[in-house]
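# Sequence plus predicted model, see below.
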Amino acid sequence: MSVFGFIQMADGADADDLGIQLYEVKPAQSDEGFGLINNGSENIDLKGYWVTTGEGKVSFHESLILEPGETLIIVGNDSSSPYFLNREGHPHKVWGESGIVGENFELDDGGFSLYLYNNNTIIDAFCYADADSESTLWTGRSFEIMSKQSNAFAVRATSDNLGANSWHRWGTTYNVFDPDLKYDAEVSPFLFPESGGIPVYRALEQAKSSICVTMYMITSPNVIGCLLECIERGVSVKILLEGHTASGYIDGNSSHAKMLKYLAENGADIKVMTRADESSPDLHRYFYLHAKYCIIDGETVIVESENWDEYDFTNKVITNPEDGNSRGWGAIVKSKDYADFMQEVFNNDFSTEYGDVFDYNVVFSQTESVKPSYTSPTDQYPMKTFKTTVTPLLSPDSSWDGTIHYIDSTETRFDLEMLSITDSYYDEEIESPLSHLIKKAESADVRILICMESDKSSSVLQHISYLNDETKIKAGFILTYASN
């Protein structure tokens, strides 16, 4: 095995002046490799450039021109590559050809650092998984490890050297948290179980041209019936669902699956983020499609914590919590700019380009269709509207950085109500939102309310005792019905 030392660490070099940067990195499978991009304004000859992990090397020995904006992928094997090498406008070459020489070059899918050189000057770096960078061209955390899937590779989103914040996984959106990104909006909050979903029904009833829904689950017959009425009056309806929930695949024989099939056969464009079947490779871009939001007429966004199910969408105002189901919340956000932002997110996730989204009629080809009906709510749910600004946080894009920012910037009080907190977050050695809350509790009033289910009561009580006894956080629990 050859070892290549770093001849000159010219970390002050301006990658924009040099033009060539690392652009894509695929760490696993037979088509593993990397991509380069010319971010300069003139043609650049790759002769004299080389890429190394510190243990292996790929170098360019012959003239090879990249025009401004042009990309080139370099791999050791191109015999099988359904996504990385099979995209229009992304040419590739195999080392061992065209004067490209590979010497013991391989990417360790458990972690590696990749460095790009122009002759003896390092000009770019990429740090993956558990590896540490030896160059200041990469700062902060490594790019998070990805599953070993054919559609899993990292793509550079900005020419700036921001470490992991310059990159994202192919097929996911790229949104770095920006506390100064604020959209003017009119926000109308509502609660579950009290609202019975009435604010959502009213908003859907008023839709004029389009409805785009991303939802973990839609099981309420009345909601499906409402969407059918929207279609019948000429509203375009698109729906993206998670096809493999925590409880398993959608049951094609369920009543809601049959009603959704009717929608799909009568004008709705419904897609499912799932595997095509249980025997095919799992190509999920996300562990779960767990978002719950709706965009109406390109001007209004409904975001909420609850699924569109029959338990929360009771179609009536709930005054006694015991008559309802989950504690949840929602907000109707009227803002053209925010709607545009969320529409880009929806369009990205809805795309079939990435191998994990399928047409509902294909996934449930054997499911019979049943026509749903709709009953408009007669109760009135009181709502208030606030003129304010909204700053989007998306998981996995920006949720970590945004959460840490708002915790750290708290001045007087921080209230948190959660279904659960990951057990590992109670480890004082691990940086987490909880570790930041513990620190913040030294100067601000921090209160945490955790849901306690009967089968987890022991660990929840232990965690609450730890927070109350060992930190300045005030912690408590709320019992679910199953715990009573």
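Nice, I can see it. Source: prediction; values computed, not measured.
# Return the distance of the residue most central in space within the chain relative to Met146.
Nearest residue to the geometric centre of the chain (CA atoms, centre = their mean): Pro396, 3.9 Å. Pro396 is 11 Å from Met146, where distance means CB to CB, to the nearest Å. C-beta coordinates here come from the backbone N, C-alpha and C atoms, glycine included.
# Beyond the lowest-mean-pLDDT helix or strand in the chain, next helix or strand please.
The weakest-scoring helix or strand in the chain, judged by mean pLDDT, DSSP states H and E, is helix 15-18 (a mean of 48). Stepping forward along the backbone from helix 15-18, the first helix or strand reached (DSSP states H and E) is strand 20-26.
# right, and Arg141 touches Ala164 too?
Yes: when contacts are counted by CB atoms under 8 Å, Arg141 is listed as touching Ala164 (5.4 Å).
# The two: which has the busier surroundings?
When Arg141 and Ala164 are compared on other CB atoms under 10 Å, the one with more neighbours turns out to be Ala164, at 18 against 12.
# quick one, what contacts that one?
Contact analysis of Ala164 by CB atoms under 8 Å, 6 or more residues apart in numbering lists Cys127, Gly140, Arg141, Ser142, Phe143, Glu144.
# Might one say that Arg413 is in contact with Ser443?
No: using CB under 8 Å, Arg413 and Ser443 do not qualify as a contacting pair, with a distance of 11.0 Å.
# Listing request: residues of this structure with sub-threshold pLDDT.
Low-confidence regions of the chain, defined by pLDDT under 70, span residues 1-18, 247-249, 275-282, 454-456, 481-484.
# doesn't Ile438 fall inside a strand?
No: applying DSSP: H, G, I helix; E, B strand; the rest coil, one finds Ile438 to be helix, outside a strand.
# Give me the spatial nearest neighbour of it, chain neighbours excluded.
Thr471 (4.7 Å; CB to CB, 6 or more residues apart in numbering).
# How much space separates the one you found from Lys439?
Summarising the geometry, the distance separating Thr471 from Lys439, computed by CB to CB, is 9 Å.
# Please enumerate the shared neighbours of the two.
Overlap between the contact sets of Thr471 and Lys439, as judged by CB under 8 Å, 6+ apart, is nil.
# and the two? which has more neighbours close in?
Relative neighbour count places Thr471 above the other of Thr471 and Lys439, with 18 against 15, counting by other CB under 10 Å.
# any idea how far the more buried one is from Glu428?
Look at Thr471 and Glu428: by CB to CB, they are 10 Å apart.
# Thr375 too?
53 Å.
# How about Thr385?
The separation that Thr385 has from Glu428, given CB to CB, amounts to 43 Å.
# same question, Tyr174
If you measure Tyr174 against Glu428 using CB to CB, the figure is 33 Å.
# and if you look at Thr391?
Distance, Thr391 to Glu428, using CB to CB: 30 Å.
# Please say which of those two ends up with more neighbours.
The neighbour count for Thr391 versus Glu428, taken as other CB under 10 Å, is higher for Thr391 (16 against 13).
# and the more buried one, what is it in contact with?
Going by CB under 8 Å, 6+ apart, Thr391 touches Asp178, Pro179, Leu181, Lys182, Tyr183, Gly402.
# and with 7 Å instead?
Contacts of Thr391 were listed using CB atoms under 7 Å, 6 or more residues apart in numbering, and they are Pro179, Leu181, Lys182.
# Setting aside sequence neighbours, what's the nearest residue to the residue of the chain most remote from its centre?
Among the C-alpha atoms of the chain, the one farthest from their average position, using CA atoms, centre = their mean, is that of Glu62, at 40.7 Å. Setting aside the residues directly before and after it, Glu62 is nearest to Gly99 in space (CB to CB, 6+ apart), at 2.6 Å.
# That neighbour: how many residues sit nearby?
Using other CB under 10 Å, Gly99 has 15 neighbouring residues.
# where's it relative to His244, distance?
Here Gly99 is placed at a distance of 46 Å from His244 (CB to CB).
# What are the boundaries of the helices in the stretch 301-450 of the chain?
Listed from the start of the chain, the stretch 301-450 of the chain has helices (DSSP state H, counting those that start in this stretch) covering 336-350, 360-363, 399-408, 433-440.
# Nearest to Asn86, out of those?
Distance to Asn86, taken as CB to CB, is lowest for helix 336-350 among the helices of the stretch 301-450 of the chain, at 19.0 Å.
# in the closest one, what counts as buried?
Residues of helix 336-350 classed as buried by neighbour count (16 or more other CB atoms under 10 Å): Tyr338, Ala339, Phe341, Met342, Val345, Phe346, Asp349, Phe350.
# same question, stretch 115-125
Going by 16+ other CB under 10 Å, stretch 115-125 has these buried residues: Tyr115, Leu116, Tyr117, Asn118, Ile122, Ile123, Asp124, Ala125.
# just stretch 389-407 next, same as before
Those would be 390-394, 397-398, 400, 402-407, for stretch 389-407 by 16+ other CB under 10 Å.
# swap in stretch 325-338?
For stretch 325-338, a neighbour-count test (16+ other CB under 10 Å) marks Asn325, Arg327, Gly328, Gly330, Ala331, Ile332, Val333, Lys334, Ser335, Tyr338 as buried.
# Which ones among the residues you listed map onto strands?
Applying DSSP state E to the buried residues of stretch 325-338, the entries found in strands are Gly328, Gly330, Ala331, Ile332, Val333, Lys334.
# residue contacts, the fifth one?
This means Val333. Remark: with contacts taken as CB under 7 Å, 6+ apart, Val333 is in contact with Ala185, Val187, Thr300, Val301, Val303, Val390.
# If we use 6 Å, what do you get?
For Val333, the contacting residues are Ala185, Val187, Val301, Val390, by CB atoms under 6 Å, 6 or more residues apart in numbering.
# which two from those end up farthest apart in space?
Using CB to CB, the contacts of Val333 reach their maximum pairwise distance at Val187 and Val301, which is 10.0 Å.
# what's the neighbour count on Val200?
In terms of burial, Val200 registers 25 neighbours under the definition other CB under 10 Å.
# Any figure for the gap between Glu134 and Ile478?
If you measure Glu134 against Ile478 using CB to CB, the figure is 49 Å.
# So between the two, which is more surrounded?
Set Glu134 next to Ile478 and count neighbours by other CB under 10 Å: Glu134 wins out with 16 against 11.
# For Val187, see how far away the more buried one is.
Glu134 sits at a distance of 47 Å from Val187 (criterion: CB to CB).
# One more: Ser369?
For Ser369, the distance to Val187 equals 37 Å [CB to CB].
# can you check His244 too?
Using CB to CB, we find His244 at a distance of 33 Å from Val187.
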